[in-house]
Structure formats: C-alpha cells, structure tokens
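1. Starting from these lines, generate the structure:
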Amino acid sequence: PDANRLHLEAFQRAFTEVLGLPEGAGIHEVEHHGGTDPLLLLKVLEHHGADTSGFAGRLEAAQTAMCAHVMEGGAFGIEILPGVSPLLKALRARSDVVHGLVTGNLQPIGWRKMEVLGVLEDFPTPRVGGFGSDFCSLDTSNMTADRAELIRIARRRAEEAYGEIGAHIHVGDTPYDLGAAKLAGA
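-> This is a model prediction of the structure:
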C-alpha cells in the first residue's frame with residue numbers, strides 16, 4: 001500500500017491544485033504501468049471527462065507541483081530491486097560503457113528516486129537520461145511511442161556528453177518498455 005507513495009501523492013497534488021480534479025483522483029483509476037508522468041496526468045483527466053483542450057498549457061504547472069511535493073520530502077515507499085546496485089557499480093567501473101536513466105518520471109523525481117535508493121553516485125557524471133518531462137505527445141492511446149522518444153533523447157544526450165555510442169541496450173519492466181526499445185532501435 002505504501003509502494004511509491006510520495007510519487008502518488010505528487011500526482012494527487014497536481015490533480016487537485018492545478019488540474020481541478022476532486023480529492024482522491026489518481027493514477028490508480030487508469031492503467032498506468034509503463035506510462036509517462038505527463039501522459040498519466042492527461043489520461044486521468046480524460047477518465048474524469050475533464051476538458052483537456054488546455055492541458056498542454058497547464059502541464060508545466062502540474063509538473064512543477066509534482067516536483068515540489070517530492071522535493072518537500074516524505075517517505076517514498078520504494079526499494080531497489082535485487083541485483084540493480086551491483087550492476088550499476090559494475091557498469092560505472094567500465095570505461096567502455098555509459099549508462100543513464102530512462103523513465104517516465106519527471107527528471108527531478110527520477111534522479112531523486114535514485115538518490116533515495118542510494119545509487120545516484122553509481123551513474124557517471126555528467127548524468128544522462130530521458131524523462132517524462134522531456135517529451136509528451138499528448139496521445140494517451142500510444143504510450144509506447146512516448147517511451148521510445150525518451151530512449152532516443154537519452155541516446156542523443158549520451159552522445160553529446162560522451163561521443164558516439166555503438167550499441168545501446170534498454171532494460172525495462174513493462175511491455176511499454178520492451179516495445180519502446182524496439183521502436184527506438186535499442
């Protein structure tokens with residue numbers, strides 16, 4: 001019940017304070033696994049039958065509210081999966097590998113989660129990635145396409161920071177991640 005609690009509370013803050021939805025509105029009302037934060041905000045608005053025509057103009061304020069809530073602190077309710085920390089340390093030790101973070105989370109939330117999990121320093125500096133805050137197609141019918149764009153953004157940032165990238169591998173935990181990896185050429 002506490003899984004990812006702080007992030008869920010951040011969504012609720014955006015729904016009530018910025019997007020005008022009633023208390024209790026949340027991503028639990030829609031299929032959300034593998035979605036990006038911006039598309040999930042929009043998907044819940046659609047679920048409630050809200051007018052979404054001005055959503056793009058309110059997206060920045062909603063994202064700001066979410067990030068503010070997370071940065072104010074509280075218990076995240078997250079735990080690192082077995083094997084992730086040793087893998088990140090092993091990747092960091094290699095001179096021929098650059099790894100980053102691709103997540104549907106907003107960038108500050110994604111990196112904050114890595115910090116809370118104790119693995120932030122296991123990412124190379126400069127840190128690279130693709131985040132929900134980087135791109136939103138405004139099309140909730142195709143979550144895979146947005147996630148694929150985040151992979152492309154992460155690759156572009158890695159090449160800008162570290163030079164040409166050969167093979168790129170994407171590891172994910174939802175069907176959207178797998179489809180996005182294929183779509184993005186990973």
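2. number of nearby residues for the nearest residue to residue 140 once chain neighbours are set aside?
-> Among residues not flanking residue 140 along the chain, residue 43 sits closest, at 4.5 Å (C-beta to C-beta, 6 or more residues apart in numbering). Just so you know, the C-beta spots here come from the backbone N, C-alpha and C atoms, and that holds for glycine as well. For residue 43, the number of neighbouring residues by other C-beta atoms under 10 Å comes to 21.
3. just the one 5 residues further on next, same as before
-> Applying other C-beta under 10 Å, we find 16 residues neighbouring residue 48.
4. re earlier: for my notes, confirm the residue nearest to residue 140 occurs in a helix.
-> Yes: per DSSP: H, G, I helix; E, B strand; the rest coil, residue 43 lies within a helix segment.
5. That one touches residue 30, doesn't it?
-> Yes: under the criterion of C-beta atoms under 8 Å, residue 43 makes contact with residue 30 at 4.8 Å.
6. Now do the same for the residue of the chain most remote from its centre: helix, strand or coil?
-> The C-alpha centroid of the chain is most remote from residue 95, which lies 26.7 Å away (C-alpha atoms, centre = their mean). Residue 95 falls in the coil class when you classify it by three-state DSSP.
7. how near is it to residue 124?
-> 10 Å (C-beta to C-beta, to the nearest Å).
8. what do you get for residue 81?
-> Separation of residue 81 from residue 124 (C-beta to C-beta): 20 Å.
9. Of the two, give the one with the bigger neighbour count.
-> For the pair residue 81 and residue 124, the greater number of neighbours falls to residue 124 (17 against 10), based on other C-beta under 10 Å.
10. List the contacts of the more buried one.
-> Under the criterion of C-beta atoms under 8 Å, 6 or more residues apart in numbering, the neighbours of residue 124 are 92, 98, 99, 162.
11. By mean pLDDT, flag the weakest helix or strand of this protein.
-> Ranked by mean pLDDT, DSSP states H and E, the helix or strand of the chain with the weakest confidence is helix 175-183, at a mean of 92.
12. Residues contacting it, please?
-> In this structure, residues lying in contact with helix 175-183 by C-beta under 8 Å, 6+ apart are 33-35, 143-145, 147-148, 150-151, 170-172.
13. can you give me the strands for the protein?
-> Applying DSSP state E to the chain gives strands spanning 101-103, 129-131.
14. Mind listing the strands the first one pairs with, and their directions?
-> So the one you mean is strand 101-103. strand 129-131 (parallel) (DSSP bridges).
15. What mean pLDDT does the strand it pairs with get?
-> Regarding strand 129-131, the rounded mean pLDDT is 98.
16. Any idea how far stretch 141-155 is from the middle of the chain?
-> Stretch 141-155 sits 11 Å away from the centroid of its parent chain (C-alpha atoms, centre = their mean, to the nearest Å).
17. do the same with stretch 173-182
-> Mean-position distance between stretch 173-182 and its chain equals 13 Å (C-alpha atoms, centre = their mean).
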